[in-house]
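Asks: Starting from these lines, generate the structure:
(one chain, ligands or ions: 1)
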Amino acid sequence: MGSKTPEHESHTNGNDPSGSINAHGTGGEPRGAHLSRDGDGSLGDGDGGEDADGDDKARGAEVSLNPQSTSASTKKKRKKSKKKASSGKQSSPPRVPLDQIFSTGQFPSGEIQEYESVVENTARTTAEEDRYQSRRHIHDDKFLSDYRKAAEIHRQVRKFTQESARPGSTLTDIAVNIEDGVRALLDNEGLEPGSALVSGMGFPTGLSLNNCVAHYTPNPGQKEIVLKSTDVMKVDFGVHINGWIVDSAFTMSWDPTYDNLLAAVKDATNTGIKNAGVDVRISDISAAIQEAMESYEVEIGGKTFAVKAVRNISGHNIKQYRIHGGKSIPFVKNKDQTKMEEGEVFAIETFGTTGNGYLVDGPGVYGYGRDPHAPKRIVSPLASARSLNKTINDNFGSLVFCRRYLDRLGIPIGRYLAGMNNLASQGIVEVYPPLMDINGSYSAQFEHTILLGETSKEVISRGDDY
Ligand SMILES: [Co+2]
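Replies: Presented below is the predicted three-dimensional model:
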């Protein structure tokens, strides 16, 4: 899940959205920006105008996740090989609890990366005592074991999504399949009060298409969206155990036109991961990400577009039960001297687009998140606000949730909407909208969660898919 850059800015170019970003400070606008501006008005077939004729063509089409090795991954997927004994015995769709598959309680580790040599290792940014508190959990075996388990669940569930989601699928089916898989593998349906706080979905499953860059999830009662062969779909979901969230995302497309877009964003995210480390400045990571991202072009319908890094959404650190821990990692150049610290957990994600690279709020609602600093008990004359507040405390705490998650608890929208509006107006609950680039544009996302250890980092959600 991306972290929206706080905005108090107008939509004029060059204004610094966060007070720390300086995308236009030196070197003018990103390379090739004029190309995408040229294309703004002419890419009309991106969202909605398409009829069903792409459907047959796409039925046998292979999903593109690894654009740089398309043929190799195509062969692999057809075989359904069981190359890793450790992850065998999972059903399809995945429903076997992970504890049954890994009966020793040892879960596979992510990718361990040694730190790049840090140029400068001067004064620590935080008091020693705070640093001790923040890194204490990384020496806790249970913390690491739970985190690895959540990551393995993410890998097993997304594998099924990559095999099963295709043009003709509905977004609700894709989302529900992901969520049913996660809850089955956690062996926790999350229906009893308190149980979804023990483990469950980390946030609403994001299935964002084309110029919807992030934060779309299907809502109950809404017109169903059917996936088309020309769609570019970002799949972003989280698995949490004890409030520690694995936040990881990938992009699927069924048309090789978008391979370079996907390759650009995958490269940018891996560049961010490679550069991340203890005492590394955020500004240095951002600069490396932008450079990688904007070295790519994509040709769509005979027109060439430079891939642009999205300016007003960021990677972020993760705290317990808090998907956005307060630090942001933009994908564009900035002057943020904040450093990453030992013991921190980061979601390193990037978004690239053929559009403006600037997101505006779309229609509808993605989800809701309770302010972690709001008092647990609230005073409201509205009974529905008080009862909703209790439901949120019992089931989500400060985890972001969506209307479908309330729906499955047997709480229909008519019973909570007035209360939700009341909590939102008091600032107790934040409402998250979908985030859109311009019509006709396409965007991609890749994201991993990393743990910053003493001498190395663990890319905990790394798989052989991305
Ligand atoms: Co995220």
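
Asks: Let's verify whatever residue of the stretch 101-250 of the chain ends up closest to the ion: helix, strand, or coil?
Replies: Using C-beta to the ion, the single residue of the stretch 101-250 of the chain nearest to the ion is residue 247, 4.1 Å away. Glycine gets a C-beta too; all of them are placed from N, C-alpha and C. What DSSP: H, G, I helix; E, B strand; the rest coil gives for residue 247 is strand.

Asks: now check the helix ranked longest in the chain, is it near the ion?
Replies: Across the chain, the longest stretch assigned as helix under DSSP state H is helix 141-164. No: taking C-beta under 5 Å from the ion as the criterion, helix 141-164 and the ion are apart, separated by no less than 12.4 Å.

Asks: roughly how far is the next helix or strand after that helix from the heart of the chain?
Replies: Where DSSP states H and E defines the elements, the next helix or strand beyond helix 141-164 is helix 171-186. The chain centroid and the centroid of helix 171-186 are separated by 16 Å, computed with C-alpha atoms, centre = their mean, to the nearest Å.

Asks: mean confidence score for the very next helix or strand once past helix 171-186?
Replies: Moving toward the C-terminus from helix 171-186, the next helix or strand (DSSP H and E) is helix 195-198. Mean pLDDT, helix 195-198: 98.

Asks: Pull out the buried positions in helix 195-198.
Replies: Judged by neighbour count using 16 or more other C-beta atoms under 10 Å, the buried positions of helix 195-198 are 195, 196, 197.

Asks: How about stretch 454-466?
Replies: By neighbour count with 16+ other C-beta under 10 Å, stretch 454-466 contains the buried residues 457, 458, 459, 460, 461, 462, 463, 466.

Asks: quick revisit: put together CSV for the buried residues of helix 195-198, with distance to residue 285 on each row.
Replies: Compiled in CSV, the buried residues of helix 195-198 are given as follows (distance: C-beta to C-beta, whole Å):
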residue, distance to residue 285
195, 37
196, 33
197, 32
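
Asks: tell me what the longest helix of the chain is packed against?
Replies: Counting contacts by 3 or more C-beta pairs under 8 Å, 6 or more residues apart in numbering; DSSP states H and E, helix 141-164 is packed against helix 98-101, helix 171-186, strand 232-241, strand 244-253, strand 443-452.

Asks: Find the closest residue to the ion in the stretch 301-450 of the chain.
Replies: For the stretch 301-450 of the chain, C-beta to the ion, closest residue to the ion: residue 347, 3.8 Å.

Asks: beta partners for that residue?
Replies: residue 316, residue 449 (DSSP bridges).

Asks: For it, give me its contacts.
Replies: Listed by C-beta atoms under 8 Å, 6 or more residues apart in numbering, the contact set of residue 347 reads 1, 247, 248, 315, 316, 317, 318, 323, 447, 448, 449.

Asks: and the residues you listed as a markdown table, adding pLDDT and neighbour count?
Replies: As requested, the contacts of residue 347 are exported to a markdown table (pLDDT from 0 to 100; neighbours: other C-beta atoms under 10 Å):
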| residue | pLDDT | neighbour count |
| --- | --- | --- |
| 1 | 84 | 30 |
| 247 | 98 | 28 |
| 248 | 98 | 30 |
| 315 | 97 | 30 |
| 316 | 97 | 24 |
| 317 | 97 | 21 |
| 318 | 97 | 26 |
| 323 | 97 | 22 |
| 447 | 98 | 26 |
| 448 | 98 | 29 |
| 449 | 98 | 28 |
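
Asks: and which of those is nearest residue 429?
Replies: Comparing these against residue 429 with C-beta to C-beta picks out residue 323 as the nearest, at 14.7 Å.

Asks: Next to the ion, which bits of the stretch 301-450 of the chain? Give me the list.
Replies: 347, 349.

Asks: can we see that at 6 Å?
Replies: Residues of the stretch 301-450 of the chain found near the ion (C-beta under 6 Å from the ion) are 347, 349, 447.

Asks: re earlier: how about the longest helix of the chain: buried residues?
Replies: In helix 141-164, counting by 16+ other C-beta under 10 Å, buried: 143-144, 146-162.

Asks: which bits of the stretch 151-300 of the chain sit near the ion?
Replies: residue 247.
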